[in-house]
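Asks: only geometry, no sequence info:
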């Protein structure tokens, strides 16, 4: 049976991935209350059905940061996505380009910036080594990056219990390696396609800083040592000076922070709680989005992520005030399930679901979806 929903893609991904990789993708922080709330609060929003509206072939296209896109959706940055399918970031970028939506490359991707040969956005973490920051920005410029996405909600990594239970974290050395190896060989299709044919298994953008170390322990140790809790608004000002293209700030939940982002000259922001992976117990994005869009939506482009699992959810986010949404886990589920072709199918499914929702709510274009689409 062909997958027809994000739930289907998730089930396929779970069946095909080593346990530790699926848990890393699927899990959230602490008790995962925010992870659950992201989806539940969004799904709880009732849409307002309208009849006899005469809506035929509604327009799903949207302009974001100087370019027209087929759908108000972007693929969010997801770390180590290249471990979910062979050279996974490259496959996902091709699918996004072929469909006509933006792909956002993570700082901690397997494929380096130079391997993504399509229009893309670049996600940026500020590390202790500010020289690395400047290098990433310069490489993104040289590669033709269309927008820089500065992620601000990860000065330290959240506590993710699933990673300890799965063996991804907390089991250093041979014991951890043996546990993960056993999980990998239990998925022979993944082991051959990604584990063998997908080499090299390095983080392409930070490999020079790891000095030849390529193990998962090396990656997590580097991340622990290099995320910078002292990152501040001064860093945003510095990035704005270094980057003259569209600048998006990702990880905003507070109205006052949103106003400061607008005052700093950013072109957009993403209302986001990092998919429930950072501070557990914060607002879901569905609850945080409306006040932020009301406060700054006339000054910059407001995007949102968190809990989007269908075209109906896209419509809900737009009705709350977003101009577009980011999807993270859904595209990686699809990537793990069937590579580039499955990511393309996911996007086609989302487009079909959004079109039907627009017809049944009487919205002829994405720009017409507002609070009136909610009951």
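Replies: Everything's here; your move. From a predicted model like this one, the values you see are computed outputs, not experimental measurements. Residues are numbered from 1 along each chain as shown.
Asks: rest of the way, CA atoms for contacts and neighbours
Replies: Noted.
Asks: Mind jotting down where the strands sit in the stretch 101-250 of the chain?
Replies: Applying DSSP state E, counting those that start in this stretch to the stretch 101-250 of the chain gives strands spanning 104-105, 121-124, 147-151, 247-252.
Asks: Could you dump the ones you listed into JSON lines with mean pLDDT, mean neighbour count and distance to residue 137 added?
Replies: Below are the strands of the stretch 101-250 of the chain laid out as JSON lines (pLDDT from 0 to 100; neighbours: other C-alpha atoms under 10 Å; distance: least, C-alpha to C-alpha, whole Å):
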{"stretch": "strand 104-105", "mean pLDDT": "98", "mean neighbour count": "29", "distance to residue 137": "13"}
{"stretch": "strand 121-124", "mean pLDDT": "96", "mean neighbour count": "25", "distance to residue 137": "8"}
{"stretch": "strand 147-151", "mean pLDDT": "97", "mean neighbour count": "24", "distance to residue 137": "8"}
{"stretch": "strand 247-252", "mean pLDDT": "98", "mean neighbour count": "24", "distance to residue 137": "11"}
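Asks: Out of those strands, which is closest to residue 336?
Replies: Taking C-alpha to C-alpha, strand 104-105 is the member of the strands of the stretch 101-250 of the chain nearest to residue 336, at 16.8 Å.
Asks: distance between the closest one and the chain's centre?
Replies: Centre-to-centre, strand 104-105 and its host chain are 8 Å apart (C-alpha atoms, centre = their mean, to the nearest Å).
Asks: next one: stretch 141-160
Replies: Per C-alpha atoms, centre = their mean, the displacement of stretch 141-160 from the mean C-alpha position of its chain is 10 Å.
Asks: residue closest to the middle of the chain?
Replies: With distances taken as C-alpha atoms, centre = their mean, residue 76 lies nearest the centre of the chain, 2.4 Å away.
Asks: which element is residue 93 on?
Replies: When elements are assigned from DSSP states H and E, residue 93 belongs to helix 88-99.
Asks: Can you check the distance spanned by stretch 280-291, start to finish?
Replies: End-to-end span of stretch 280-291 (C-alpha to C-alpha, to the nearest Å): 20 Å.
Asks: which residues are in contact with that stretch?
Replies: Contacts of stretch 280-291 with the rest of the structure, by C-alpha atoms under 8 Å, 6 or more residues apart in numbering, involve 29-35, 37-38, 41-42, 253-255, 271-273, 304-306, 317, 320-322.
Asks: again, 7 Å this time
Replies: 29-30, 32-34, 37-38, 41-42, 253, 255, 271-273, 305-306, 320-321 (C-alpha atoms under 7 Å, 6 or more residues apart in numbering).
Asks: Please narrow the residues you listed to those residing in helices.
Replies: Among these, the ones falling in helices (DSSP state H) are 33-34, 37-38, 41-42, 255.
Asks: Specify the residue positioned farthest from the middle of this protein.
Replies: Centroid-distance maximum for the chain: residue 52 at 37.0 Å, with C-alpha atoms, centre = their mean.
Asks: Return the backbone torsion pair for it.
Replies: phi 50, psi 40 (degrees, to the nearest 10).
Asks: How about residue 200?
Replies: Phi and psi for residue 200, reported as degrees, to the nearest 10, are phi -80, psi 140.
Asks: Around it, how many other residues sit close by?
Replies: By the criterion of other C-alpha atoms under 10 Å, residue 200 has 14 neighbours.
Asks: Show the pLDDT at it.
Replies: pLDDT recorded at residue 200 is 77.
Asks: What of residue 188?
Replies: 89.
Asks: how far away is it from residue 15?
Replies: With distances taken as C-alpha to C-alpha, residue 188 is found 11 Å from residue 15.
Asks: Which of the contacts of stretch 280-291 are buried? Put it as a ChimeraX command.
Replies: A single ChimeraX command selects the buried members of the contacts of stretch 280-291 (16 or more other C-alpha atoms under 10 Å):
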select :29,30,32,33,34,37,38,41,42,253,255,271,272,273,305,306,320,321
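Asks: From residue 367, how far out is the residue nearest to residue 276 when sequence neighbours are not counted?
Replies: In space, and not counting its chain neighbours, residue 276 is closest to residue 35: 4.2 Å by C-alpha to C-alpha, 6 or more residues apart in numbering. Here the distance between residue 35 and residue 367 works out to 29 Å (C-alpha to C-alpha).
Asks: Could you do residue 51 as well?
Replies: Between residue 51 and residue 367 the distance is 19 Å, computed by C-alpha to C-alpha.
Asks: for the helix or strand harbouring residue 331, which positions count as buried?
Replies: Per DSSP H and E: residue 331 is located in helix 329-361. Residues of helix 329-361 classed as buried by neighbour count (16+ other C-alpha under 10 Å): 329-340, 342-347, 349-351, 353-361.
Asks: okay, and for the stretch 201-350 of the chain, where does confidence drop off?
Replies: For the stretch 201-350 of the chain, the stretches with pLDDT under 70 are 210-221, 224.
Asks: what sits against residue 209?
Replies: Not one residue lies near residue 209 by C-alpha under 7 Å, 6+ apart.
Asks: what about it, distance to residue 95?
Replies: Using C-alpha to C-alpha, residue 209 is found at 30 Å from residue 95.
Asks: what does residue 274 give?
Replies: Distance, residue 274 to residue 95, by C-alpha to C-alpha: 23 Å.
Asks: same question, residue 338
Replies: For residue 338, the distance to residue 95 equals 12 Å [C-alpha to C-alpha].
Asks: and what of residue 275?
Replies: Taking C-alpha to C-alpha, one finds residue 275 at 22 Å from residue 95.
Asks: Buried residues in stretch 91-99, which are they?
Replies: The neighbour-count check on stretch 91-99 (16+ other C-alpha under 10 Å) flags 91-97, 99 as buried.
Asks: for that stretch, what is the average pLDDT?
Replies: The pLDDT scores in stretch 91-99 average 97.
Asks: And the contacts of it?
Replies: 102-103, 116, 118-119, 335, 339-340, 343-344.
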